[in-house]
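Asker: pasting the sequence and the predicted model now:
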Amino acid sequence: MAAGPVDPAGADTGDPMTQAQQTFDVVVIGGGAVGENAADRASRTGLHVALVESALVGGECSYWACMPSKVLLRPDAACEAARRTPGVRDPGDLDVAAVLARRDEITHRWDDSSQADWVAGAGLTLLRGHARFTGPRALVVESDDGTVEVEARHAVVVATGSLPTIPPVDGLAAARPWTSRDATSAQHVPARLAVLGGGVVACELATAFASLGSRVTVLVRGDALLAGAEPFAGAAVLASLRARGVRVVLGAQARRVHRDADGVHVTLDDEDVTADELLVATGRHPRTRDLGLETIDLEPGAPLEVDDALAVPGVPWLFAVGDVTGRTGTTHQGKYDARVAGDVVAARFGPDEAARRAEASAGPWSRYRASADHAAVPQVVFTQPEVAWVGLTERAARDAGLAVRTVAYELADVAGASVISPDYAGRAQLVLDTARDDVVVGATFVGPDAAEMLHAATIAVVGELPLARLWHAVPSYPTVSEVWLRFAESAGL
Ligand SMILES: Cc1cc2nc3c(=O)[nH]c(=O)nc-3n(C[C@H](O)[C@H](O)[C@H](O)COP(=O)(O)OP(=O)(O)OC[C@H]3O[C@@H](n4cnc5c(N)ncnc54)[C@H](O)[C@@H]3O)c2cc1C
Ligand SMILES: NC(=O)c1ccc[n+]([C@@H]2O[C@H](COP(=O)([O-])OP(=O)(O)OC[C@H]3O[C@@H](n4cnc5c(N)ncnc54)[C@H](O)[C@@H]3O)[C@@H](O)[C@H]2O)c1
């Protein structure tokens, strides 16, 4: 059933966009992938839910982040795989125009009508415009069509995402740097691209643009790439980028930036780097500044901190999910939180008494609590080699006070790897909690298609499985997943 707007007395009042005042049971602010999921789940016990979106329904992931970046990376990964496969004759070069055309196709040329159709089909009411709080459960939504006052009878879920952070380097903002949005939607490939940062965005987009023909220089403040991953992962990506002709400058402090007719100039301590474009990839911050949070005694600019039910402590009607919480930074984990938040809202405020009771007594690892956010978050970096990890790195585990040991294995030594390529190279490592019979608390895979090996490890971490039990999970021969057998053997089984 399509949910129409309802007036405060509960009567359906027709077309939402014709009214200056509207009331819904639940309002979700932000129609990215995360907000869409929260809204869908929240509506499942019959609540009338509005989804407010100021730009494109589908958000960052669909149009400027996950999807376009992965499509820019995939063709070169496919060529690389072919090049490494004996017997494949001349895998060929990239057709850059065709790669960009495929990117345009997967982003629907930045047209969100198919996602808007999905929202309508899910029975949600889409309000287009920018939402701001004016008080508890009260909002205004502003668009070119005017201003609508919106009341949420029961709950508001904030899913406004994040924005790229431009560090306060002298001249940087004025030099019109690229953010990831400019890079993923670029209609031309710059001859020279400089990248500031050494995290996930920097590594992925340096890989993509190098493959498309840019001369890429990556300026890394620290002494490693992917500092949040196991050190061997960042080292493998560093070696691979350099082998592909990317210049990676470690310990690079950008002191000043300016743009002139020759391009963008970045002044480091001991040299100037010049490029046609400078991509700033120095992290993101929660999008809470222009949201009227001060009207509900919360701090604009800060992340919306939530508990495991995705509820804002002390504000029983307020929930937050996705990048805006600072709790997750990926689409998949944000959508997990959205499923939990939507179910909590549907249970707490919907008519289903059994659901209400179940949620009220819910504990960790129930469908109503996002327990995995603490211990089992998967992350894939689509570089070459791919990097994939879940749970704790060795260092994070030790910092958390766990007694751990690691088992590592060179993936080239697994029989399945030799079938894929005689040049197969990669490494995998488990982090085992020795105080709990070697329960797997973390895993990292680095190598071709490592992303596809990650989920087995995620299941092990979520299931808190000891290695002795995994001994009985027999990997098929000859696959690279046989590394799980080698892990067990290396650990002494
Ligand atoms: C280059 C890049 C590549 C990435 N690749 C991956 C990947 O491969 N896999 C992965 O899992 N993650 C990836 N991520 C991360 C992923 O994009 C984010 O974690 C995800 O988009 C967060 O979703 P969200 O719904 O919380 O926020 P968003 O997608 O940012 O959606 C928020 C929405 O809210 C709207 N909005 C904001 N304020 C208001 C307001 N006041 N009123 C109305 N609407 C508002 C915005 O217009 C936006 O549509 C990538 C990120 C980047 C930058
Ligand atoms: N495949 C994926 O899942 C994927 C892909 C891209 C982005 N993302 C997500 O998007 C978010 C943003 O990614 P990101 O790479 O921008 O952030 P990040 O936190 O991964 O990396 C930021 C990098 O910028 C550097 N940095 C920070 N401040 C700096 C400064 N003032 N000067 C120089 N360097 C500085 C840091 O040292 C780090 O190397 C993350 O949450 C990430 O997980 C995910």
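Answerer: Looks like it came in fine. Numbering: from 1, shown residues only. Ligands and ions are numbered 1, 2, ... in the order given.
Asker: below-threshold pLDDT in the stretch 301-450 of the chain: ranges please.
Answerer: Scanning the stretch 301-450 of the chain for pLDDT under 70 picks out no residues.
Asker: do a quick rundown of the strands in it.
Answerer: Using DSSP state E, counting those that start in this stretch, the strands of the stretch 301-450 of the chain run over 318-320, 378-381, 386-391, 404-410, 427-433, 439-447.
Asker: quick one: is the first one near ligand 1?
Answerer: No: judged by Cβ under 6 Å from any ligand atom, strand 318-320 and ligand 1 are separated, with a smallest distance of 9.4 Å. The C-beta positions use only the backbone N, C-alpha and C, and glycine is treated the same way.
Asker: mind giving me the packing neighbours of that strand?
Answerer: strand 146-158, helix 331-349 (3 or more Cβ pairs under 8 Å, 6 or more residues apart in numbering; DSSP states H and E).
Asker: what's the first one packed up against?
Answerer: Going back to what we said before, that points to strand 146-158. Using 3+ Cβ pairs under 8 Å, 6+ apart, strand 146-158 is in contact with strand 21-29, helix 33-42, strand 130-135, strand 138-143, strand 318-320, helix 331-349.
Asker: tilt between the helix or strand that contains Ala50 and helix 33-42?
Answerer: Here Ala50 sits within strand 49-53, counting by DSSP states H and E. Here strand 49-53 runs at an angle of 170 degrees relative to helix 33-42 (axes from the mean of the first three to the mean of the last three Cα atoms, to 10 degrees).
Asker: strand 49-53 near ligand 1 at all?
Answerer: Yes: Strand 49-53 lies within reach of ligand 1 by Cβ under 6 Å from any ligand atom, at 52-53.
Asker: just the residues contacting the next helix or strand after that strand, thanks.
Answerer: With elements assigned by DSSP H and E, the helix or strand that comes after strand 49-53 is helix 59-63. Residues outside helix 59-63 that contact it (Cβ atoms under 8 Å, 6 or more residues apart in numbering) are 30-36, 53, 56, 67, 107, 110, 112, 115, 161-162, 185, 323, 331.
Asker: pLDDT of helix 59-63, averaged?
Answerer: The predicted model assigns helix 59-63 a mean pLDDT of 98.
Asker: check stretch 105-123 too.
Answerer: Mean predicted confidence for stretch 105-123 is 98.
Asker: so what's the gap between it and the chain middle?
Answerer: Its chain's C-alpha centre and that of stretch 105-123 lie 20 Å apart, by Cα atoms, centre = their mean, to the nearest Å.
Asker: looking at this, Leu278 is in a strand?
Answerer: Yes: applying DSSP: H, G, I helix; E, B strand; the rest coil, one finds Leu278 inside a strand.
Asker: near ligand 1, which residues of the stretch 51-200 of the chain show up?
Answerer: So far as Cβ under 6 Å from any ligand atom goes, the stretch 51-200 of the chain lies against ligand 1 at 52-55, 59-61, 65-66, 69-70, 130-131, 159-161, 180, 184.
Asker: let's go with 8 Å and repeat that
Answerer: Residues of the stretch 51-200 of the chain lying close to ligand 1 (Cβ under 8 Å from any ligand atom) are 52-62, 64-70, 129-132, 141, 159-162, 164, 180-181, 183-184, 200.
Asker: list buried residues within the residues you listed.
Answerer: Among those, those buried by neighbour count (16 or more other Cβ atoms under 10 Å) are 52-62, 64-70, 129-132, 141, 159-162, 164, 180, 183-184, 200.
Asker: need the contact list for the residue of the stretch 51-200 of the chain found nearest ligand 2.
Answerer: When distances are taken as Cβ to the nearest ligand atom, the stretch 51-200 of the chain reaches nearest to ligand 2 at Gly199, 2.0 Å away. By Cβ under 8 Å, 6+ apart, Gly199 lies in contact with 225-228, 281-283.
Asker: any of those residues buried? List them.
Answerer: 225-226, 281-282.
Asker: where do the domain boundaries of this structure fall?
Answerer: Following automatic domain parsing, the chain resolves into domains at 16-61+107-163+286-373, 173-282, 385-490.
Asker: so which of those domains gets nearest Asp93?
Answerer: Among the domains of the chain, domain 173-282 comes nearest to Asp93, with 9.6 Å by Cβ to Cβ.
Asker: OK, contacts around the residue nearest to Thr45 when sequence neighbours are not counted?
Answerer: Spatial nearest neighbour of Thr45, excluding adjacent residues (Cβ to Cβ, 6 or more residues apart in numbering): Gly350 at 3.0 Å. Gly350 sits next to 44-47, 356 when contact means Cβ under 8 Å, 6+ apart.
Asker: out of the residues you listed, which is most surrounded?
Answerer: The most crowded member of those, judged by other Cβ atoms under 10 Å, is Leu47 (21 neighbours).
Asker: quick check: the residue nearest to Thr45 vs Val26, distance?
Answerer: 9 Å (Cβ to Cβ, to the nearest Å).
Asker: between those two, what contacts are shared?
Answerer: With Cβ under 8 Å, 6+ apart as the test, Gly350 and Val26 both reach Leu47.
Asker: give me the element the closest residue to Pro91 other than its chain neighbours is part of.
Answerer: Sequence neighbours aside, Ala82 is the residue nearest to Pro91 in space, at 3.4 Å (criterion: Cβ to Cβ, 6+ apart). Here Ala82 is covered by helix 66-83, with elements defined by DSSP H and E.
Asker: neighbouring contacts of that helix?
Answerer: 61, 88, 91-94, 99, 102-103, 106-107, 180, 183-185, 204-205, 207-208, 211-212, 331, 382-384, 421, 448.
Asker: part of a helix, is Cys484?
Answerer: Quick fix: residue 484 reads Trp, not Cys. Yes: assessed with three-state DSSP, Trp484 lies in a helix.
Asker: and it, how many neighbours does it have?
Answerer: Residues near Trp484, counting by other Cβ under 10 Å: 25.
Asker: one more: Ala311?
Answerer: Around Ala311 there are 20 residues (other Cβ under 10 Å).
Asker: now Val407
Answerer: 20.
Asker: going forward, begin numbering at 354 instead of 1
Answerer: Sounds good: first residue 354 from here, last item Val760.
Asker: anything in the helix holding Ala435 near ligand 2?
Answerer: Yes: residues of helix 419-436 contacting ligand 2 under Cβ under 8 Å from any ligand atom: 419, 422-423.
Asker: show me the contacts for Gly445.
Answerer: Counting by Cβ under 8 Å, 6+ apart, Gly445 has contacts Cys432.
Asker: quick check: phi and psi on it?
Answerer: Here is the backbone geometry of Gly445 (degrees, to the nearest 10): phi 90, psi 180.
Asker: ok, Phe735 - contacts?
Answerer: By Cβ under 8 Å, 6+ apart, the contact set of Phe735 is 422-423, 426, 430, 557, 560, 804.
Asker: quick check: the residue in the stretch 454-603 of the chain that ligand 1 sits nearest to vs Glu389, distance?
Answerer: Proximity of the stretch 454-603 of the chain to ligand 1 (Cβ to the nearest ligand atom) peaks at Gly514, 2.2 Å away. Using Cβ to Cβ, Gly514 is found at 12 Å from Glu389.
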